[in-house]
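Student: what's the 3D shape of this:
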Amino acid sequence: MNTDNVLLVILLVLGIVLLSNLAMFFMVRRWRDIRFDWFKNIRTDVDRHFGDKNSPLGELRRRVEQLKENDEE
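Tutor: Numbers count the residues shown, from 1 in each chain. Model prediction:
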């Protein structure tokens, strides 16, 4: 077995792991002060789509509920 290739593979793996960890560390440090309200935005989008009784998704929800009731009977 060629030991030069094994050493090269080990160095490449270590380099990739170290560089990816450093990149994630700097991304987290840079974004620490930025506040994202992504959970709130997702929740308002879901409420907007499913909360409106006249929307197509509301109609689909009603039909699914009717099918479930008919299936239980």
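Student: Quick check: can you list the domain ranges of this protein?
Tutor: Per the record, the chain has its domains at 1-33, 35-73, by automatic domain parsing.
Student: Between these, which has the poorest mean confidence score?
Tutor: Least confident of the domains of the chain, judged by mean pLDDT, is domain 35-73 with a mean of 72.
Student: What's the biggest helix in this protein, counting residues?
Tutor: Secondary structure of the chain read by DSSP state H shows that its longest helix is helix 3-31.
Student: Pull out the buried positions in that helix.
Tutor: Buried positions in helix 3-31, judged by neighbour count with 16 or more other C-beta atoms under 10 Å: none. Any C-beta I mention is one placed from the backbone N, CA and C, and that applies to glycine too.
Student: Count the neighbours of Leu57 for me.
Tutor: 13 (other C-beta atoms under 10 Å).
Student: and what of Arg61?
Tutor: The local packing of Arg61 (other C-beta under 10 Å) involves 14 other residues.
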